[in-house]
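Trainee: Turn this into a structure:
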Amino acid sequence: MAVSSSTIWEVRTAGADTNGGGFVAGAAGVDFSQQDAANSGGNNSSTADAVAVGTGVITSVTASFTADIVGNVIYLAGGSGGLAAGYYQVTIFTSSTSITVDRNVAAGTGITMNIGGALGSIGQLGLALATGGVRAWIKSGTYSITSASTNVSGGCFTGTGPFYVEGYQTTRGDRGTKPLFQASGISTFAIWTMTGARSFICNLSADGASLTSSRGFLQRGLLVACHVANCNNGGFVVSNSHSLYRCTATGCATISPFTAFTQAVDCVAYENTVAGFSVAATCIRCISDSNSGATTDGFITTAQLATMIDCVAYGNGRDGFRLGDGPAFFENCIAESNTGIGFDNVNNSAVELMHCAAFSNTGGNTALGTGFAVTSTAFVTGTGSFFTNAAGQDFSLNATAGAGAAARAVGYPGVLPVGGTGYHDIGALQHEDAGGGDVFMVSVTNAQVMDRGGRVGY
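Mentor: Numbering: from 1, shown residues only. Okay, the predicted model is just below:
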């Protein structure tokens, strides 16, 4: 046997990496992992007098076991037999002095047995998940990453998965303030590495502290509502047909924070010193804002087919959208106030601009070149800013004639060949008509997607 794949692990800043840390979902006992400290005193108490005889039976004269312990993971270490530290699942309650765990324990006396309490680091979580379980919850707080090694206490996380890991603020599932994983004094690392194709990571924040070769998330699977800051070797490096939703990145350098992904939806890159998005796939409703540097673009496409729908490039150091060697399709995208060109077909690639818009790009709104297939349909050239308050990171459309109003209800596809007519806005955010229902309209500054406040839009 081994620790059950139904085990759910808990991580807290006030936890400890020698706590039990987990509980098997659906077990008959009481979950002791959703607390900071291991049990001390009373029933099911942690102790240093546990005895093992080489089987799965553990005895203690002081732990005072009850049936509530069944399903809990306990941490065993040390003793006269030199037991290697490890996590064990309690499967059977026998008596107040005897329980059975999921596998044999090396014989010894005076074994330390910690019952209950959350883990204290994501490095230890990686080690724990390797013993069993696929799901973990991490409570909000700041976790210091002080080792570039993986799956060690205080280190980075790596796992093959599939795993489901989600951060929460007060109650599991609330998707409130993200737990923050902040690197310190290390180099050449990725804070989170998930190699399992079906992994799911949600509501976490990673800060590389601008350290050498720092990465936030090296991920296969799905990332939702995550944030990276100050990574200089890629914030989100996601590959192999996997996606990013409502993720944000700032303060990154050297390599685009969004790179090597298949699909990015509702994501925002702001105030980096490299291109916000390096795109060889699809971006939908993404925003690249105020990324600085003479060669810094909002979005740069690479040598594969790139598709960008409802995206915004604003105030970037060079071009808003810069096309690489591969063909690219743009639908309902806006380039505004970029230092270079709004839409720059620098390599004369095949390009299609459908119902896009531009205003006040220093180098010109478009330079479509002479690619073998270059089309611009229903392009809108603004006479003023399209946005409610771009300087304040609110990219909803204003109602000014020739500006935001000119981008409302004129987006692609308009009249479909079969199916009817739509009235889509150009840009990332749709306007609300007078008398309409509760339409979710966000500003970049206040939305959960930007990790700058409360839970918005969930």
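
Trainee: Identify the residue spatially nearest to Asn345, adjacent ones excluded.
Mentor: Take Asn345 and drop its neighbours on the chain: the residue closest to it by Cβ to Cβ, 6 or more residues apart in numbering is Gly369, 3.9 Å away. Using the backbone N, CA and C atoms, a C-beta is placed for each residue, glycine as well.

Trainee: Thr339 now?
Mentor: Thr362 (5.0 Å).

Trainee: can you pull the contacts of the residue nearest to Asn345?
Mentor: 345-349, 351 (Cβ atoms under 8 Å, 6 or more residues apart in numbering).

Trainee: And the protein, what are its domain boundaries?
Mentor: Domains of the chain are assigned by automatic domain parsing as 7-115, 136-407.

Trainee: Can you get me the centre-to-centre distance for the shortest one and its chain?
Mentor: Pointing back at domain 7-115 there. How far domain 7-115 lies from its chain's middle: 32 Å, per Cα atoms, centre = their mean, to the nearest Å.

Trainee: residues touching Asn232, list them.
Mentor: 208, 210-214, 252-255.

Trainee: For Ala209, see how far away it is.
Mentor: Separation of Asn232 from Ala209 (Cβ to Cβ, to the nearest Å): 10 Å.

Trainee: now Leu323
Mentor: Applying Cβ to Cβ to Leu323 and Ala209 gives a distance of 34 Å.

Trainee: more neighbours, those two?
Mentor: For Leu323 and Ala209, the more surrounded residue by other Cβ atoms under 10 Å is Leu323, and the numbers stand at 29 against 16.

Trainee: need the contact list for the more buried one.
Mentor: Applying Cβ under 8 Å, 6+ apart, the residues near Leu323 are 301, 306, 343-347, 349, 351.

Trainee: By mean pLDDT, point me to the weakest helix or strand of this structure.
Mentor: Comparing helices and strands within the chain by mean pLDDT, DSSP states H and E singles out strand 236-238 as the least confident, with a mean of 86.

Trainee: pLDDT of the next helix or strand after it, averaged?
Mentor: Remark: after strand 236-238, the chain's next helix or strand is strand 243-245, criterion DSSP states H and E. Along strand 243-245, the predicted local confidence has a mean pLDDT of 93.

Trainee: Give the partner strands of strand 243-245 in its sheet and their orientations.
Mentor: Each strand pairing with strand 243-245, determined using DSSP bridges, is listed with its direction: strand 222-224 (parallel), strand 263-265 (parallel).

Trainee: Switch those over to TSV; also include distance to Gly132 and mean pLDDT.
Mentor: Conversion of these to TSV gives the following (distance: least, Cβ to Cβ, whole Å; pLDDT from 0 to 100):
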stretch	distance to Gly132	mean pLDDT
strand 222-224	22	93
strand 263-265	31	94
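
Trainee: Make CSV out of those and add distance to Pro417.
Mentor: Written out in CSV, the entries for the strands paired with strand 243-245 read as follows (distance: least, Cβ to Cβ, whole Å):
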stretch, distance to Pro417
strand 222-224, 33
strand 263-265, 25
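
Trainee: Leu204 is nearest to which of the ones you listed?
Mentor: The stretch from the strands paired with strand 243-245 with the least distance to Leu204 (Cβ to Cβ) is strand 222-224; that distance is 8.5 Å.

Trainee: and the end-to-end length of stretch 59-71?
Mentor: Stretch 59-71 has an end-to-end distance of 17 Å (Cα to Cα, to the nearest Å).

Trainee: go on, stretch 236-249?
Mentor: Terminal residues of stretch 236-249 lie 8 Å apart, using Cα to Cα.

Trainee: which stretches of this protein form helices?
Mentor: With DSSP state H applied, the chain shows helices at 122-129, listed in chain order.

Trainee: Show me where it dips below the pLDDT cut-off.
Mentor: With pLDDT under 70 as the threshold, the chain has low-confidence stretches at 1, 239-241, 435-458.

Trainee: how about a cut-off of 50?
Mentor: Across the chain, the stretches falling below the confidence threshold (pLDDT under 50) are 437-458.

Trainee: Return the residue of it that is most distant from the centre.
Mentor: Val61 (45.7 Å; Cα atoms, centre = their mean).

Trainee: Give me the distance between Asn348 and Thr131.
Mentor: Here Asn348 is placed at a distance of 55 Å from Thr131 (Cβ to Cβ).

Trainee: so what's the residue nearest the centre of the chain up against?
Mentor: Nearest to the mean C-alpha position of the chain, by Cα atoms, centre = their mean, lies Cys226 at 2.9 Å. When the contact criterion is Cβ under 8 Å, 6+ apart, the partners of Cys226 are 178, 201-206, 216-217, 236, 244, 247-248.

Trainee: out of those residues, who's nearest Leu119?
Mentor: The closest of the contacts of Cys226, once distances to Leu119 are taken by Cβ to Cβ, is Leu204, at 15.1 Å.

Trainee: what about the closest one, neighbour count?
Mentor: Other residues within reach of Leu204 by the criterion other Cβ under 10 Å amount to 28.

Trainee: unless I'm mixing things up, it is touching Arg175, no?
Mentor: No. Counting by Cβ atoms under 8 Å, Leu204 sits too far from Arg175 to count as a contact (10.7 Å).

Trainee: Quickly list what's touching both of the two.
Mentor: Counting by Cβ under 8 Å, 6+ apart, the common neighbours of Leu204 and Arg175 are 166-167.

Trainee: Can you report how many residues neighbour Cys247?
Mentor: Using other Cβ under 10 Å, Cys247 has 31 other residues around it.

Trainee: quick one, what contacts Ile8?
Mentor: For Ile8, the contacting residues are 22-25, 33, 133, 135-137, taking Cβ under 8 Å, 6+ apart as the criterion.

Trainee: Please name the bridge partners of the residue lying closest to it once chain neighbours are set aside.
Mentor: Distances taken as Cβ to Cβ, 6+ apart put Arg135 closest to Ile8, at 4.8 Å, once the chain neighbours are dropped. Arg135 forms beta bridges with Ile8, Tyr164, as assigned by DSSP bridges.

Trainee: Could you report the distance from the residue farthest from the centre of the chain to Leu204?
Mentor: Distance, Val61 to Leu204, by Cβ to Cβ: 42 Å.

Trainee: do the same with Arg322
Mentor: Taken as Cβ to Cβ, the spacing of Arg322 relative to Leu204 amounts to 30 Å.

Trainee: circling back: give me the packing partners of the least confident helix or strand of the chain, helices and strands only.
Mentor: Identification of packing neighbours for strand 236-238 by 3 or more Cβ pairs under 8 Å, 6 or more residues apart in numbering; DSSP states H and E yields strand 214-219, strand 258-259.

Trainee: and that strand, how far from the chain's centre?
Mentor: Averaging C-alpha coordinates over strand 236-238 and over its chain gives two centres that are 9 Å apart (Cα atoms, centre = their mean).

Trainee: What of stretch 396-404?
Mentor: The gap between where stretch 396-404 is centred and where its chain is centred comes out at 33 Å by Cα atoms, centre = their mean.
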